[in-house]
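Enquirer: here's a sequence, model it:
(chains A, B, C, D, E and F)
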Number of protein chains: 6
Amino acid sequence: MTDYPEFEDPITRPRYTGLPSFMRVPYVENFQGVDIGLIGVPFDGGVTNRTGARHGPREIRNQSSLIRKMNQATGIFPHELCTVRDIGDAWVQKPFTLEGSHKEIEGFYSRVHKAGILPLSAGGDHSITLPIFRAIARERPVGLVHFDAHCDTGDDYLGSRFHHGAPFKIAVDEGLLDPKRTIQIGIRGSLNDPDVWKFSHDSGMRVIYIEEYFEMGWKKVVKEARQIVGDGPTYISFDVDALDPVYAPGTGTPEVGGYSTLEAQMMLRGLQGLNLVGGDVVEVSPPFDPSGNTALVGATMMFEILCLLAECVDHRKKMQ
Amino acid sequence: MTDYPEFEDPITRPRYTGLPSFMRVPYVENFQGVDIGLIGVPFDGGVTNRTGARHGPREIRNQSSLIRKMNQATGIFPHELCTVRDIGDAWVQKPFTLEGSHKEIEGFYSRVHKAGILPLSAGGDHSITLPIFRAIARERPVGLVHFDAHCDTGDDYLGSRFHHGAPFKIAVDEGLLDPKRTIQIGIRGSLNDPDVWKFSHDSGMRVIYIEEYFEMGWKKVVKEARQIVGDGPTYISFDVDALDPVYAPGTGTPEVGGYSTLEAQMMLRGLQGLNLVGGDVVEVSPPFDPSGNTALVGATMMFEILCLLAECVDHRKKMQ
Amino acid sequence: MTDYPEFEDPITRPRYTGLPSFMRVPYVENFQGVDIGLIGVPFDGGVTNRTGARHGPREIRNQSSLIRKMNQATGIFPHELCTVRDIGDAWVQKPFTLEGSHKEIEGFYSRVHKAGILPLSAGGDHSITLPIFRAIARERPVGLVHFDAHCDTGDDYLGSRFHHGAPFKIAVDEGLLDPKRTIQIGIRGSLNDPDVWKFSHDSGMRVIYIEEYFEMGWKKVVKEARQIVGDGPTYISFDVDALDPVYAPGTGTPEVGGYSTLEAQMMLRGLQGLNLVGGDVVEVSPPFDPSGNTALVGATMMFEILCLLAECVDHRKKMQ
Amino acid sequence: MTDYPEFEDPITRPRYTGLPSFMRVPYVENFQGVDIGLIGVPFDGGVTNRTGARHGPREIRNQSSLIRKMNQATGIFPHELCTVRDIGDAWVQKPFTLEGSHKEIEGFYSRVHKAGILPLSAGGDHSITLPIFRAIARERPVGLVHFDAHCDTGDDYLGSRFHHGAPFKIAVDEGLLDPKRTIQIGIRGSLNDPDVWKFSHDSGMRVIYIEEYFEMGWKKVVKEARQIVGDGPTYISFDVDALDPVYAPGTGTPEVGGYSTLEAQMMLRGLQGLNLVGGDVVEVSPPFDPSGNTALVGATMMFEILCLLAECVDHRKKMQ
Amino acid sequence: MTDYPEFEDPITRPRYTGLPSFMRVPYVENFQGVDIGLIGVPFDGGVTNRTGARHGPREIRNQSSLIRKMNQATGIFPHELCTVRDIGDAWVQKPFTLEGSHKEIEGFYSRVHKAGILPLSAGGDHSITLPIFRAIARERPVGLVHFDAHCDTGDDYLGSRFHHGAPFKIAVDEGLLDPKRTIQIGIRGSLNDPDVWKFSHDSGMRVIYIEEYFEMGWKKVVKEARQIVGDGPTYISFDVDALDPVYAPGTGTPEVGGYSTLEAQMMLRGLQGLNLVGGDVVEVSPPFDPSGNTALVGATMMFEILCLLAECVDHRKKMQ
Amino acid sequence: MTDYPEFEDPITRPRYTGLPSFMRVPYVENFQGVDIGLIGVPFDGGVTNRTGARHGPREIRNQSSLIRKMNQATGIFPHELCTVRDIGDAWVQKPFTLEGSHKEIEGFYSRVHKAGILPLSAGGDHSITLPIFRAIARERPVGLVHFDAHCDTGDDYLGSRFHHGAPFKIAVDEGLLDPKRTIQIGIRGSLNDPDVWKFSHDSGMRVIYIEEYFEMGWKKVVKEARQIVGDGPTYISFDVDALDPVYAPGTGTPEVGGYSTLEAQMMLRGLQGLNLVGGDVVEVSPPFDPSGNTALVGATMMFEILCLLAECVDHRKKMQ
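Expert: Predicted structure coming up:
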């Protein structure tokens, strides 16, 4: 497109130029040769309060132009380890029913999974992790490192099982998620029902409330997370409401009193070497984000997860 | 609550105080003795692009504290003519299906209608007018003065008949709306399909595109509107996207190039004396409204319609 | 209002619906049977720089719909322990004189106090704590746990003794506040006069500057606070400018470099079991709060204090 | 300050540089030799609803850097006709009483008046025009061209005669304003009391409601304004809420449905040749003005009035 | 990408999905077969006051998802008449010199021109029209319909001839623009130098000041524009500051008192049938546009111009 | 200007009044007798991504009215120790070339330096530190305590050596900066090139990455900083992007995961007693700062540095 060979790599062009793909990687509609697919899921039909997460993928893409190629802290250079592409949106044709929408999303991820692509997704509300699991975890349940203010293992609410506060209960019920290999970090906020997250406890998930988190410090939390998920296949799900609302005001269910972005980055980096099968960053809601910082935070967390996934891809390639 | 008799009327208290009911009228849960009910419909499940109208009723209530008791331009004093109350929200228990939601909304309005209350509603998205019609227009079809950038007589879209671009087609199909007594004012914007509003034309609705509107001027438009709806029962539906987006940026489907709020006020006042059965102001979406002006505009249009409805109530009482 | 018995409790309805009372508790104008009254004080006539706190109660009410029924961290379920109601605003009829306004506010709180209600208030500027004290502390001076960036024990300023930087000096002068049982946490910011907070020191208040706070850590601070106030009657006053401005940008006198909301929550929870007579959260100024987070923070701090007050009510009932 | 002789005139320097005086004219504390004084009145103690106008002068100064030296439409070059200076703020030392504040403001303007300076002021709320009149109209009552949504001739409200809705009634009562030589343009909005503006009518002011305005068109309005004020001493008071709120959202009492800025400019230019004694632009409230446009509009209206005043100064000099 | 044949056309997918190309047309890097190229020019190095227009193309692309396929007012269906593509950004590798940047931009457009593509561009500041002219008007000077608040025919300013206030003077000097076939519509604002736009007058351009515009009305203006440019090759340049700032607050040099978007649309549509060689919409500056409306307005004006260009392409094809 | 002797000191007047000089100190154009000059550098021509820092000085001045006279934490009273003045802006006449602009800025600082004034500057982008060094460090290289997310020791980028990512490399090359006496604190963010900050390491600068910073804690960092710069002449450069973006969203190149403002204040105070020759706070970009907090943070950091500089002036005076 340009005459400047040194700028052929779009990631190195001036950051305010061009169409914003995730982290300015090439956008492709053909899945061939892709190792890691960056995917948007512009769906917020599972939200029970403030919507807007449907606009998340676009604004995360926009802000992600601030992300560069390598991770200064860990030295990981994902684009040297594997092929990373923006493979577009798992958009929903018929958004007016929650279950139908999930079916459509599952369809997209099944194609991704069949193509051997590790998915790294930008939501959308947290209900989307369920259809992703249905596409990628049918063979065997996955473990989960789950950053969130809420356990999201709730029951029926507002007449539906499938809202954004329940995906992980259903995932366990469907045999997609191994609760013994699940850790939930940062849980807090007031409750309407003391038993709302009972399923997490009863099923054997490790729930780290924010108060315990602060007593332990992030290093011990990471250590425990590694022990819990072990070396089985593991997924990382990052709900931006895990963070204190000052870092992520643009979200549907903010809960005052969370951890910081730097702590989150440290924890994510601490997961290096796990056997990862995918990840997502969800609940970025741009209409509630006047400064755009929530989307930038979302893009940054995606980049941290990308580095982890890239090492897995590289490791697996070498193992072959 | 206070010791100041002159402030017993809540409308006269300082405007930043108290819980914000619509126009600071008393909030009641008992419908008895109410002539006109101000109702919120916090539902945006019919939106096909930018959501947020579920937050409309609350923010319109908030901004409506700027509205006072009488209409300076027309001299109408609604609170002297009849009993106006905020009767709460037609909220939806199970928002995850569009048709079920409409059923719930219809249920609320059926109770309102049975109580002999004229409903004046704040949306929510435009799909809510359909269940309102189902509650109040079953006996005979109503006429309609419809302010909008879109005809909202579309067909299936994104897998549903019931989205916010289609209520008036379905209303005609169900015999609730008389297309011959329907006028649509301010239609504009680009189209994906030249026939998208064909139903309006085929069914005999009068469609005034924005270009024709500007040629005619608001006075002739009002005159024609009065001729079309005649003296049969008539409903007023005001979608804030009828206005130019500078007056109403906080809306789901803004279309550049509309009329002004003053013109809208003039037209509404020009409808004085019609045989009105209700009205609504829809598509105020606060997350897209940084200055709050859209909600203030919505509240102002509600007040103009309230004055018209109050005269009808008064007239009917006198006729009895 | 609805046909859904499981939603009769307004706190469990969808959070964007209805008129926003504090934490969606019922709004009552009759004080009978109320144990804890949530009260707005929409007054900012004592502000010396940026106004807007008059809009605080309304926006705190709005954001407080995000608060649910029980405290997940402490297990306190205030609504099971006692009757909590939104009892409206202590609004001011004649806001143009500071002293007259305070008189009116005092009048409202005297009625609250006489009704045996524990007041939990949302300001308004910090000058409002003085008339609250005049209503509830006449019998004996109270102790105070005071979160703030400023001691608010200043002298005359801009021609008045009664501005928002002075309530606690006057309260001591009037025998309403026991300085020996007063602790002020988070003091910082530049000064125009080295002696501006001299009264705090001279009268025996314990002043914890932000630097000392960070050396001590919140646990020791809480321990000392408990020792200082002892088991006498104690009030909690939380000025949101105690927090770093990133947590509470919407305030009149922001001071860079404060503690976090989580630390504040921890400290508040650490006050469990004190002999509390009321509390307030002040200086939320919505016009300076584009994201709404300050009001959400204010609502959250109110909820933490509510849980403490509820336990006191319960304890006293059991003692009777 | 610089080495560039062609930039010695601060008005021609890059517009984002330097301390923002009004329209980048020199700021002086010495009144000698000044013909027209640009003055800020950072006072909003007379506001009955949304405050913030105290921040108006500073933000109008800031935005006024976009104003250049001459009026392209009329060819008037104020800085060639006379000496225009920013003479600072009529700030208030003791803002906690409305009457005392007005006394202080009057004191400032008395000095200005004694120095033979024509004042052009930026409010502040509309109550400030009263003390200005007290300083400059004691010798004989002035006429008034008054742009506003409200007549501001109200009675006692919230316990005070001196709030921002009443200055012109008091001014007539005190013999400072000639109601027969007063025209009020753009009046509209709902009312709590049908007689609230009765004083305007009874005293003989010409009140042009917005509806009549639109029937007449701005040219006839200007013609009538000129006839009414005649060639006696006349003051121009421009409340930005005269404009539709889309042009001036940042104001305390917005009323939907006003005229445009261009119409206002045309009307102001139409007042060329009147015998002017001063002017003001009031009720710019920056906290409610996210885009800054209200302040820019305020600065623009000040510039239009400045051009009129400059011609008067020039004319009077030539007459001597 | 999807399984839904009816959604293969990206323009018909849900509007919040996917990477935002201009109006959701396909993005291509290969120019072959393209009739009209939509191009971003993310450059604001010619700005003399508020920058930010470099972010214009991206935000116009984002908001342009609200544009659909055909023009309801004129019936023009550009995508049926010719091949329209987003051909990316004419981004600048070395933005630190104005002349070098222009050289780079010219290089991009030379390739576009050589490929026989009609360019429709989104700026960027107005200086970009100069390098566009250098690429497309070398063979013969073009005529110009120029919507703007400023003539942009200024001289050296801040040490440069090439800033955003001067492109059309240089274009005439270089023989690229025929001043006799140039009309400038909407000129207004204060001036630092009475002769700043002297070149427009001396060279024979038709300058329509905003005051004359309002006297004439848009229909006569269009008529005169058509007479002036005749049937020679003509370019349309639309600076959003031509509009009143309420329609386009997000711009570098707002001037209070312009025309409306609807008037602009009417004028653009009135240019149907001209012999057009390209067009641009410039000076959209997203950092100053909190509601996003300026970018939506920019996208809408691009669509109006696109429809005109598409008819030209179609006409020329038929002529061949 | 006023009649109130106790308010003659402008710093003690109400904070929303007057023209905003830095920290409300007197503004002077004459350098005589000034010890410390507060200077704005409204230049952002070195920015490689989001501009807007040209508006930084004005908005920092505006927010700095919240700063008072003395430092409560350290007891330093700068205005008692020396004469502090706002000496205006080092504005640029010809901003269209980066090198010429730097030449102009250098010229201004040379005059400041010749007058014996210690400069404390508000940028502008970080490229401005280079011309400041050229003016004040020609006699001998200075040491540097550098707070930043980026080392700013990069090479050519976008065709220029002189952008805002490179000043300290050039300063070393030109013998103005002693790399052995340089410490960079808070470095983080993704990289496009692993060697981008190689120069820092190769030249012997001490680079403290954010991860190491958090391991060490601010106290050890300060200790090491003191050891590194020793008692030679030292400069403090504070880029607000050193802070986490929640504290400083209004900046050109935000990097998620930084330290807090309180930590920064602690570190700055820890530098008491160094042999300081100047300081700056850069990269505040108001268009990206909806709440204004970034500018307030910038002003606060300037005040901390001012206190350090004032002690140096005092110490040197006593040494004479």
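Enquirer: does the helix or strand harbouring residue A:308 come close to chain F?
Expert: Per DSSP states H and E: residue A:308 is located in helix A:293-319. Yes - using CB under 8 Å from any CB of the partner chain, we find that helix A:293-319 touches chain F at A:293, A:296-297, A:300, A:303. Every C-beta, even on glycine, is put in place using the N, C-alpha and C of the backbone.
Enquirer: show me which of those residues is closest to residue F:80.
Expert: Nearest to residue F:80, judged by CB to CB, of those is residue A:293 at 39.7 Å.
Enquirer: contact partners for the closest one?
Expert: A:247-250, F:245-246, F:249, F:254 (CB atoms under 8 Å, 6 or more residues apart in numbering or on different chains).
Enquirer: repeat the analysis, applying 6 Å as the threshold.
Expert: Counting by CB atoms under 6 Å, 6 or more residues apart in numbering or on different chains, residue A:293 touches F:245, F:249.
Enquirer: what separates it from residue A:261, distance-wise?
Expert: Residue A:293 sits at a distance of 9 Å from residue A:261 (criterion: CB to CB, to the nearest Å).
Enquirer: closest to chain C out of the residues of helix A:293-319 next to chain F?
Expert: residue A:293 (9.6 Å; CB to the nearest CB).
Enquirer: and what about residue A:106, helix, strand or coil?
Expert: Here residue A:106 is helix, with the state taken from DSSP: H, G, I helix; E, B strand; the rest coil.
Enquirer: which residue packs closest to it, ignoring adjacent ones?
Expert: Residue nearest to residue A:106 in three dimensions, not counting chain neighbours: residue A:131, with 3.9 Å by CB to CB, 6 or more residues apart in numbering or on different chains.
Enquirer: count of neighbours near the one you found?
Expert: By other CB atoms under 10 Å in any protein chain shown, 25 other residues sit near residue A:131.
Enquirer: picking that back up, now, which of the residues of helix A:293-319 next to chain F sits nearest chain B?
Expert: Closest to chain B, out of all of the residues of helix A:293-319 next to chain F and judged by CB to the nearest CB, is residue A:293, at 16.2 Å.
Enquirer: so which bits of the stretch 101-250 of chain A are right by chain C?
Expert: Listed as neighbours of chain C in the stretch 101-250 of chain A under the rule CB under 6 Å from any CB of the partner chain: A:190-192, A:211, A:245-246, A:249.
Enquirer: show me which residues of the helix or strand hosting residue A:200 are buried.
Expert: Per DSSP H and E: residue A:200 is located in helix A:198-203. Using 16 or more other CB atoms under 10 Å in any protein chain shown as the test for burial, helix A:198-203 gives A:199-200, A:203.
Enquirer: give the next helix or strand downstream of it.
Expert: strand A:206-209.
Enquirer: chain neighbours aside, what residue packs nearest to the closest residue to chain B within the stretch 201-320 of chain A?
Expert: Residue nearest to chain B within the stretch 201-320 of chain A: residue A:287 (3.5 Å; CB to the nearest CB). Residue nearest to residue A:287 in three dimensions, not counting chain neighbours: residue B:287, with 3.5 Å by CB to CB, 6+ apart.
Enquirer: pLDDT wise, what is the one you found at?
Expert: We have a pLDDT of 96 for residue B:287.
Enquirer: could you do residue A:14 as well?
Expert: 89.
Enquirer: for it, give me its contacts.
Expert: Neighbouring residues of residue A:14 by CB under 6 Å, 6+ apart: residue E:91.
Enquirer: repeat that for residue A:118.
Expert: Going by CB under 6 Å, 6+ apart, residue A:118 touches A:36, A:278, A:309.
Enquirer: number of residues surrounding the closest residue in space to the second one that isn't next to it in sequence?
Expert: Which is residue A:278. Leaving aside its chain neighbours, residue A:278 sits nearest to residue A:119 (4.6 Å; criterion: CB to CB, 6+ apart). A count of nearby residues for residue A:119, using other CB under 10 Å, gives 24.
Enquirer: and the residue in the stretch 101-250 of chain A that chain C sits nearest to, how many neighbours?
Expert: Residue nearest to chain C within the stretch 101-250 of chain A: residue A:190 (3.9 Å; CB to the nearest CB). Close neighbours of residue A:190, defined as other CB under 10 Å, add up to 20.
Enquirer: quick one, what contacts it?
Expert: Taking CB under 6 Å, 6+ apart, one finds C:67-68 in contact with residue A:190.
Enquirer: repeat for residue A:56
Expert: A:123-124, A:284.
Enquirer: could you redo the last one with a cut-off of 8 Å?
Expert: Applying CB under 8 Å, 6+ apart, the residues near residue A:56 are A:40, A:42, A:44, A:122-124, A:282-286, A:295, A:298.
Enquirer: keep only those of those that are in helices.
Expert: A:295, A:298 (DSSP state H).
Enquirer: how near is residue A:25 to residue B:206?
Expert: For residue A:25, the distance to residue B:206 - CB to CB - is 52 Å.
Enquirer: more neighbours: which of these two?
Expert: With other CB under 10 Å as the criterion, residue A:25 and residue B:206 differ in neighbour count, and residue A:25 comes out ahead with 25 against 20.
Enquirer: I'd say the more buried one and residue A:11 touch.
Expert: Yes - with contact defined as CB atoms under 8 Å, residue A:25 reaches residue A:11; the gap is 7.0 Å.
Enquirer: give me the common contacts of the two.
Expert: Contacts common to residue A:25 and residue A:11, judged by CB under 8 Å, 6+ apart, are residue A:79.
Enquirer: quick one, grab the pLDDT at residue A:299.
Expert: With respect to pLDDT, residue A:299 scores 98.
Enquirer: what's the burial count for the residue of the stretch 1-150 of chain A found nearest chain F?
Expert: Relative to chain F, the nearest point of the stretch 1-150 of chain A is residue A:68 (3.9 Å; CB to the nearest CB). When neighbours are defined as other CB under 10 Å, residue A:68 has 19 of them.
Enquirer: backbone dihedrals for residue A:86, both of them.
Expert: Torsion angles at residue A:86 (phi, psi; degrees, to the nearest 10) stand at phi -80, psi 110.
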